[in-house]
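Asks: Okay, predicted coordinates and the sequence, questions at the end:
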Amino acid sequence: VQLVESGGGSVPAGESLTLSCVASGSTYKVAWFRQFPGKEREWVAHIFPGRGAKVYADSVKGRFTLSQDKAKNTVYLLLTSLKSEDTATYYCAARTEYGLGTRPQDFTFWGQGTQVTV
């Protein structure tokens, strides 16, 4: 499965952005991670495309929202009330088989990343 992210950019604090992740095939779980310079990738949220269940990290709960367009095999991450500390490279990741966990190594497929600067 290939993942292609888009939608990053530079915005003032308080504004919003929508990131998109298009998958070339079906997935079991799709997650968003972010990486700050010099840090490990941090799990942000994930969705189970089949049943639509969503889980968020506490740090973004209430500000970030996942959605999907099944027909387009696309998962969206709406980032609202952005803060300077949200500045990072955001990655889409996926796995095609059952599996728990939110560590980077729990996901098989990765996109190239998209930069968000606040």
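Replies: That came through, no problem.
Asks: Which residue ranges of the chain form strands?
Replies: All strands of the chain, identified by DSSP state E, fall at 3-6, 9-10, 17-23, 29-35, 41-47, 54-56, 64-69, 74-79, 88-95, 109-110, 114-117.
Asks: Could you say which one of the ones you listed comes nearest to Arg103?
Replies: strand 41-47 (7.3 Å; C-beta to C-beta). All C-beta spots, glycine's among them, are computed from the backbone N, C-alpha and C.
Asks: Now the closest one: average pLDDT?
Replies: When pLDDT is averaged over strand 41-47, the result is 98.
Asks: That strand - which strands sit beside it in the sheet, and in what orientation?
Replies: strand 29-35 (antiparallel), strand 54-56 (antiparallel) (DSSP bridges).
Asks: looking at these, which is buried most?
Replies: strand 29-35 (a mean of 23; mean count of other C-beta atoms under 10 Å).
Asks: For the strands of the chain, please prepare JSON lines with the additional fields distance to Thr102.
Replies: Listed next are the strands of the chain as JSON lines, based on distance: least, C-beta to C-beta, whole Å:
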{"stretch": "strand 3-6", "distance to Thr102": "17"}
{"stretch": "strand 9-10", "distance to Thr102": "26"}
{"stretch": "strand 17-23", "distance to Thr102": "16"}
{"stretch": "strand 29-35", "distance to Thr102": "7"}
{"stretch": "strand 41-47", "distance to Thr102": "4"}
{"stretch": "strand 54-56", "distance to Thr102": "8"}
{"stretch": "strand 64-69", "distance to Thr102": "14"}
{"stretch": "strand 74-79", "distance to Thr102": "15"}
{"stretch": "strand 88-95", "distance to Thr102": "10"}
{"stretch": "strand 109-110", "distance to Thr102": "14"}
{"stretch": "strand 114-117", "distance to Thr102": "20"}
